[in-house]
Structures are given as C-alpha cells and as structure tokens.
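S.K.: give the three-dimensional model of this entry:
(2 chains)
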Amino acid sequence: MGYIMEGVKEAFNLLLSLDREIYSIILLSIFVSFTSTIISAVIGTPIGLFLALKKFKLKKMVTRLLYTFMSLPPVVVGLFVAIIISRRGPLGHLGLLFTPSAMIIAQTLLITPIIMGITFNNAKEQGQEIRQICMTLGGNRWDTLILLIKEMRISILIAIVTGFGRAISEVGAVMLVGGNILGHTRVMTTFIAMNNSMGNYSMSIAMGTVLLVISFIVNSILYKYVVGD
Amino acid sequence: MEININGLMKDYGERTVLNIESLLFESNKLYGIIGPNGAGKSTLLRIISGLEQSTKGEILYNGCVLNKPILKHITFMSQRHYLLKTTVFNNIAYPLTLRKYHKKIIENMVDEIMMDLQLFELKDQLAISLSGGEAQKVALARALIFEPQLLLLDEPTANIDPNSIKLIEKLILKRNKEKKGTTLMITHNMEQARRLCDEVVFIENGKLKVQGKEKQVLV
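M.R.: Numbers count the residues shown, from 1 in each chain, chains lettered A, B, ... in the order given. Here you go, the predicted model:
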C-alpha cells in the first residue's frame, strides 16, 4: 500500500514541477485525440443521421456491420493502419508510419463507428418524429437537417465526447502505428504502459491522474451544457 | 383545398389496413373522421399528409398529385406531437420562421394565437416543462399559425380538460370559417363531431362505411 501512496505523492510533485517532457506528452495526446475526434464527428454524425432516417436495401446488414465496427479491437485497427502505411504498403510512399498523422488516422478509424453508431441509435428513435414535424410544417431537406442537429445536439455531443474518451484512453493502435518515440509520438497511454512495464509506478500514476483530470474536465463541460439546456 | 381519393389501398405486409374506393373532401369544409380503434383513420390522414405512401390508388389535391408546393400548404397534428426543445414562443413561431416571415409579423401572429388559446403567460417557458394539455394547445397553435389550406388533426382534444377543449374547438371553427381551409379531424367524441363538423366520415376495417351530414351519419 505504501508504494501506491508514494507513487501518488511523486505524481503530484512531477505535475507541479512543470517537466517539459511530461507536458509535451500531454499536449500531443490532446492534439492527436482532439483532431481525430473532430474528423470522426464530421464524418460520423451526418452518416449516422442518414442511416437512421433513410430506408434502403441492405440497411439491416449495414447496421450489423456498424455495430461490429463499434467494438473494433484497437490492436486490429493499429495493425491494419500499420500495414497500409508501412514502407511496403499501398500508402508507404507517404512516409506516415511512426508519425502523429498515423496515430490520428488509426484513432479516426477506431472512433468514427462509435460516433456514427451512437448518433444512429439516438436518431433512429427521435429523428423520425423531428423529420415529420419539419415536413408537416413546410420545411425542406435542408431545414430538416438543421432542425435535426439542433434538436439532437445533446445526443450528438454525448456521441462526440464518448468518441474523445475512447481516443484519449486508447493504447494499442497508437503504440503500433506511432511506436512510442520520445518527443515525437509518445502519448499519455503509451507512456503509462511503458513506465508500468519498467516498474516506474509514480510516473504511471502521474499520467493516469492527468488522464482522469482531462476526462473530468471534458465531462464537466458536457454536464454543464446538458444541465444548462 | 379539395381532396379527391380514388382506389386507395394500404397494406402492411399481408394485411390491408385501408381500402377506400372513392372519397371526396370538398374545399373549406370541416370533416369529422370517426370509427373504432384500428379502423385506419390515422393511416388515412398520414397518407393524405404525405408522411406515408399508399400501396395503390391516387389522391388529388385541387386536381393535382402531391408535390412540394402543395406540401407547404398542408399540416398534420398527430396524437404524439413533438415539441421542439425551445420556448413556447419559438415552437409556435417555427413554421413562420421556415417561411421567412418578418420578425415583427411573427411576433404579432404568435401573440394573437397565444391569446386565443390562453397560452400567453407561457410564452417564454420551455416547451419541455408544459403539461399534456398545454403541450397539445402549443402543437395546435403551431399547426394553425401559418394558415394551412389543409389541416389534418388526429384527436386534437384527447386527454385535455373541458375548458381547453372549448378553446381549441373555438379556434378550429374560427379558422375554418374565417381562413377558408379544409379540415379533416379524427375524433372519438360524437358530441364534438356534432358541434364542429359539416360532414362526418365513418371508417371501419379500413373501409368507408358512410359519409354525409353529421345528422345522417350520427343517428
């Protein structure tokens, strides 16, 4: 028990010491996760709404595939992206392997189905009613899309925050495509995994604490928005 | 708006829920649609409103098939009305906002209809906090405010207090007489059909049984 308390104490000392390496890791984590979340939201939200509201052949099959992709193992996504962008892969000439861009691609692939799936589920229940209201009051397709986004803003926001939570806490994919290179692709989760395997618990606890604090801040903002609404 | 229905059929799988050979709703009249639960009344209104497609048959609106310009003049208030997550004022103003009315005109029109339905005190209240009866009145005000040529109402006074029923009936009648629009209203309340409707249509098992003056049908 003692070494845990010691670890927590050291963690706070580390955070308060304003260590450059630690803060560059935190900032890179936020940058990679934030960017992939924005890309995923832009792709996933409209497709999720479309899937929920449109009737088309193979809809059931597409829905099943979507649910499968929502629980994709990060290591599989990492492996897939690594193969595609490795030197011998189809996109090898872009030189993306072991760069933050590769990490953004992997996280985007991982969380787009999550944002799409959550949006799809919420829109499936609420969306038809909203669409009908807009249609029976004289709105066109564009009006319907605007109204859907307005009315479902909380659900969409929750989907995006869930995606961000998955991205920032993910380790397998970023480890494979980023390589955990110090000062270049090392992020909070790969840092924790590495220090844990080396027995540096204080470092792992410090970074774990930061992850928790970030999660708390993001969820507090969301809670304030939801309650305010 | 005149509605002319010919050979209308609606199937859900193997089950035919609506089968109406011929039915005419004349312009500027108020029709009551009555019949037991599951008779196909709501399906009929949903098809007329364009929310559902029929399996067979055609509906002509002033002689034309349904298109985007006609849709702009039709509204449908369903039993499960959805109110937007905003204030009562914004809910009622929404159809006018869609039609890009001037802000001042919107204010005047919304204020007037809120007065008629005794909703004025709720103007800035969030729609989500309203009681069932108040929400129903807001949904009706929203449907009436843009003066549609065809108003489709699915039990507009179900589950609300007698005072609110009076207000709603008064407004429906006023709108029908002054603004000259056709109204089709589903109701289970025979007294209400007597009070309001020019004609009554009785539907059972998806088929039209009787259509005529309320005195003939409701005997």
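S.K.: CA only for contacts and neighbour counts going forward, please
M.R.: Will do.
S.K.: and the residue nearest to B:H188 when sequence neighbours are not counted, how many neighbours?
M.R.: Leaving aside its chain neighbours, B:H188 sits nearest to B:I34 (6.2 Å; criterion: Cα to Cα, 6 or more residues apart in numbering or on different chains). Neighbour count of B:I34, defined by other Cα atoms under 10 Å in any protein chain shown: 24.
S.K.: residues near the closest residue to B:E134 other than its chain neighbours, how many?
M.R.: Nearest residue to B:E134, sequence neighbours excluded (Cα to Cα, 6+ apart): B:L119, at 7.7 Å. Taking other Cα under 10 Å as the neighbour definition, B:L119 ends up with a count of 19.
S.K.: and the gap between A:L58 and A:L145?
M.R.: Distance from A:L58 to A:L145, counting by Cα to Cα, to the nearest Å: 23 Å.
S.K.: what about those two, which has more around it?
M.R.: Between A:L58 and A:L145, A:L145 has the larger neighbour count (other Cα under 10 Å), namely 19 against 9.
S.K.: buried residues, the helix or strand harbouring the more buried one. List them.
M.R.: Using DSSP states H and E, A:L145 falls within helix A:141-151. The neighbour-count check on helix A:141-151 (16 or more other Cα atoms under 10 Å in any protein chain shown) flags A:144-145, A:147-149, A:151 as buried.
S.K.: which ones, among the residues you listed, also lie beside chain B?
M.R.: Counting by Cα under 8 Å from any Cα of the partner chain, A:E151 from these sit close to chain B.
S.K.: which of the buried residues of helix A:141-151 sits closest to B:S42?
M.R.: Closest approach to B:S42 among the buried residues of helix A:141-151 (Cα to Cα): A:T144, at 23.1 Å.
S.K.: next helix or strand past the worst-scoring helix or strand of chain A on mean pLDDT?
M.R.: None of the helices or strands of chain A scores lower by mean pLDDT, DSSP states H and E than helix A:2-16, at a mean of 75. Using DSSP H and E, the next helix or strand after helix A:2-16 towards the C-terminus is helix A:20-53.
S.K.: just to revisit the earlier point, tabulate the buried residues of helix A:141-151 in a markdown table, adding columns for pLDDT and distance to A:G48.
M.R.: As requested, those are arranged in a markdown table below (pLDDT from 0 to 100; distance: Cα to Cα, whole Å):
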| residue | pLDDT | distance to A:G48 |
| --- | --- | --- |
| A:T144 | 89 | 15 |
| A:L145 | 87 | 12 |
| A:L147 | 91 | 15 |
| A:L148 | 89 | 12 |
| A:I149 | 89 | 12 |
| A:E151 | 89 | 15 |
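S.K.: ok, the buried residues of helix A:141-151 vs chain B, which is closest?
M.R.: Nearest to chain B, judged by Cα to the nearest Cα, of the buried residues of helix A:141-151 is A:E151 at 6.3 Å.
S.K.: isn't the residue nearest to B:H188 up against B:Q192?
M.R.: No. Using Cα atoms under 8 Å, B:I34 and B:Q192 do not qualify as a contacting pair, with a distance of 10.9 Å.
S.K.: in stretch A:63-78, what's buried?
M.R.: A:63, A:66, A:69-70, A:74-75, A:77-78.
S.K.: before we move on, back to that, neighbouring contacts of the helix holding A:L145?
M.R.: By Cα atoms under 8 Å, 6 or more residues apart in numbering or on different chains, the surrounding residues in contact with helix A:141-151 are A:127, A:130-131, A:134-135, A:156, B:84-85, B:98.
S.K.: farthest-separated two in the residues you listed?
M.R.: A:I156 and B:L98 (23.3 Å).
S.K.: if you count surrounding residues, which of those two has more?
M.R.: Higher neighbour count among A:I156 and B:L98: A:I156, with 25 against 14, using other Cα under 10 Å.
S.K.: ok, that one - contacts?
M.R.: A:I156 makes contact with A:45, A:115, A:118-119, A:149, according to Cα under 8 Å, 6+ apart.
S.K.: ok, back up a step: closest one to A:S40 out of the buried residues of helix A:141-151, please.
M.R.: A:I149 (16.0 Å).
S.K.: which residues are in contact with the helix or strand hosting B:F89?
M.R.: Using DSSP H and E, B:F89 falls within helix B:88-98. With contact meaning Cα under 8 Å, 6+ apart, helix B:88-98 is reached by A:137-139, A:143, B:83-84, B:106-107, B:110, B:122-127, B:138-139, B:141-143, B:145-146.
S.K.: cool, and stretch B:117-124?
M.R.: So stretch B:117-124 is in contact with B:87-89, B:111, B:114, B:134, B:137-138, B:141, B:164, B:167-168, B:171, going by Cα under 8 Å, 6+ apart.
S.K.: for the top helix by length along chain A, enumerate the helices and strands it packs against.
M.R.: Assignment by DSSP state H gives helix A:100-136 as the longest helix of chain A. Secondary-structure packing of helix A:100-136 (3 or more Cα pairs under 8 Å, 6 or more residues apart in numbering or on different chains; DSSP states H and E): helix A:20-53, helix A:59-70, helix A:74-85, helix A:141-151, helix A:153-168, helix A:172-178, strand B:74-77.
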